[in-house]
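after the sequence you'll find the predicted model.
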Amino acid sequence: MSDDPRLVEVLRGGAVESFHRGAVAVVDAAGRLIFSFGDVERPVFPRSAIKVMQALPLVESGTADALGLTGTELALATASHNGEPVHVDGARAMLARVGRDETCLVCGAQWPGREADRGRLHRSGATPSRLHNNCSGKHAGFVCFAVHAGIDPAGYGAPDHPVQREIAAAISDVAGVDLAGLPRGQDGCSIPTWGLPVAAMARGFARLATGVGLAPTRAAAARRLIEAAIVEPFMIAGTDRFCTDFIGVCGGAAYVKTGAEGVFCAALPGLGLGVAVKCDDGAARAAEVVTATVVAHLLGRTDDPSLARFLRPAIRDWNGATVGGLRAAEGWASGLPK
């Protein structure tokens, strides 16, 4: 890990104050690794970055159609959201479609991500619920799938539960890896997470972007989920979040999704490319800059003013004055395909 190259530099007063190392992979529709920087074969836990893969059984099983799930709800099923009212209400509505409520969720209660929403809860005398958990939409999707398939959702977070076995099979197929030989841990929302090589994550997102290498039903489900997130980016994150704002600015050309500990993935359907990023120190701020840099280069938009705040985010003092910023370290991005 320590041998990975420098990806992002943090500036203060014009000097480099600190930096972030990591790895990047870009894979095309044929599964070819067309760009790599750093160790892209070391398994890392993708965490929430692959929620679109975890949502595939919800769609390809026919559950989404049978329950009449909307595009907004499908986007929420792939979300790491702020716990804003629209997210909470959406997860509640999904559960109601199968006659369930938040008590069946295993994700745990979590305070909303924004101070304004935490304050609103506090002033009302309420406490956070499992619906406020940033993964509640994904978990509501798991419960919907289980109930519609005639599976008892109790214990659905366990690795040997039928829901998780279906999800593991989908991840293995899309990423093109055998999960049995890879490390397994437990995610923050109490479901299994497997360590995937960065290159395999990028390969999976190239397949999601294009459908190449996937069965027709799975390819259609992937397309539907990605399109739902692109149309409703607020549902996958929320106010002042990178995923929501960056997808919006890209105007449908890119789908991006954050994972914990400095992981990011992206799909570029028009180019047939998948991208995966891992920052070794787990810094989300660095992973965002790397993701923006790679996507901007691939789309030929490095000089687009609307992307400047993602490519070179400012660091401000408590008075709001700009005192520094982040940028891609010199050199590595020049090797990206045009």
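Great, that's in hand. Numbers count the residues shown, from 1 in each chain.

residue 19 contacts residue 327, correct?
No. Here residue 19 does not reach residue 327: they are 10.2 Å apart, not a contact under CB atoms under 8 Å. No exception for glycine: its C-beta is placed from N, CA and C like everyone else's.

now for those two: what residues contact both?
Between them, residue 19 and residue 327 share these contacting residues under CB atoms under 8 Å, 6 or more residues apart in numbering: 8, 9.

name the residues of stretch 308-317 that are buried.
By 16 or more other CB atoms under 10 Å, the buried positions in stretch 308-317 come out as 310, 311, 313.

again, but for stretch 72-90
So for stretch 72-90, counting by 16+ other CB under 10 Å, buried means 72-84, 87-88, 90.

nearest to residue 109, of those?
The shortest approach to residue 109 among these belongs to residue 83, at 10.1 Å (CB to CB).

from residue 233, how far out is that closest one?
17 Å (CB to CB, to the nearest Å).

show me the shaky parts of the chain.
Of all residues in the chain, those with pLDDT under 70 make up the ranges 1-2.

can you give me the strands for it?
Secondary structure of the chain, counting by DSSP state E: strands at 6-12, 15-28, 33-37, 43-44, 184-186, 192-194, 196-197, 255-259, 263-268, 273-279, 314-316, 322-328.

can you point out the buried residues in the third one?
In terms of neighbour count (16+ other CB under 10 Å), strand 33-37 has its buried residues at 35, 36, 37.

you'd agree the last one is up against residue 331?
No. Under the contact definition of CB under 8 Å, residue 37 does not touch residue 331, with a separation of 9.6 Å.

and stretch 246-265, end to end?
Start and end residues of stretch 246-265 are separated by 13 Å (CA to CA, to the nearest Å).

how far off centre is it?
Taking the mean of its C-alpha atoms, stretch 246-265 sits 7 Å from the chain's own mean (CA atoms, centre = their mean, to the nearest Å).

okay, buried residues for that stretch please.
246-247, 249-250, 253-265.

repeat for stretch 168-185
168, 170, 171, 172, 173, 174, 175, 177, 179, 182.

could you do stretch 123-130 as well?
Under the neighbour-count criterion of 16+ other CB under 10 Å, stretch 123-130 has 128, 129, 130 buried.

just the endpoints, please. Distance across it?
19 Å.

distance from that stretch to the middle of the chain?
For stretch 123-130 - counting by CA atoms, centre = their mean - the centre lies 27 Å from the chain centre.

with stretch 294-309 instead?
The answer for stretch 294-309 is 20 Å, by CA atoms, centre = their mean.

sorry, back to before: just the buried residues of stretch 308-317 now: which is nearest residue 146?
residue 310 (37.4 Å).

what residues are up against the residue nearest to that closest one when sequence neighbours are not counted?
Distance criterion CB to CB, 6 or more residues apart in numbering; nearest residue to residue 310, sequence neighbours excluded, is residue 292 at 3.8 Å. Neighbour list for residue 292: 246, 307, 310, 311 [criterion: CB under 8 Å, 6+ apart].

find residues that contact each of residue 37 and residue 331.
Joint contacts of residue 37 and residue 331 (CB under 8 Å, 6+ apart) do not exist.

thinking residue 172 is in contact with residue 178, fair?
Yes. Between residue 172 and residue 178 there is a contact at 6.5 Å, judged by CB under 8 Å.

related to what we said a few turns ago, restricted to helices, list the contacts of residue 292.
Judged by DSSP state H, the subset of these located in helices is 246, 310, 311.

quick check, nearest of the residues you listed to residue 203?
The shortest gap between residue 203 and any of the ones in helices among the contacts of residue 292 belongs to residue 246, at 21.9 Å (CB to CB).

distance-wise, check the closest one relative to residue 326.
Residue 246 is 15 Å from residue 326, by CB to CB.

got a list of what the nearest residue to residue 268 once chain neighbours are set aside touches?
Leaving aside its sequence neighbours, residue 268 sits nearest to residue 254 (CB to CB, 6+ apart; 5.3 Å). Each residue near residue 254 by CB under 8 Å, 6+ apart is listed here: 246, 247, 266, 267, 268, 295, 299.

let's see 7 Å
247, 266, 268, 295, 299 (CB atoms under 7 Å, 6 or more residues apart in numbering).

tell me who's in contact with the closest residue to the last one other than its chain neighbours.
Counting by CB to CB, 6+ apart, residue 253 is the residue found nearest to residue 299 once chain neighbours are left out, at 5.6 Å. For residue 253, the residues meeting the contact criterion (CB under 7 Å, 6+ apart) are 268, 270, 299.

number of nearby residues for the spatially closest residue to residue 31 that is not a sequence neighbour?
Nearest non-adjacent residue to residue 31, counting by CB to CB, 6+ apart: residue 203, 5.5 Å away. As a burial measure, residue 203 scores 27 neighbours (other CB atoms under 10 Å).
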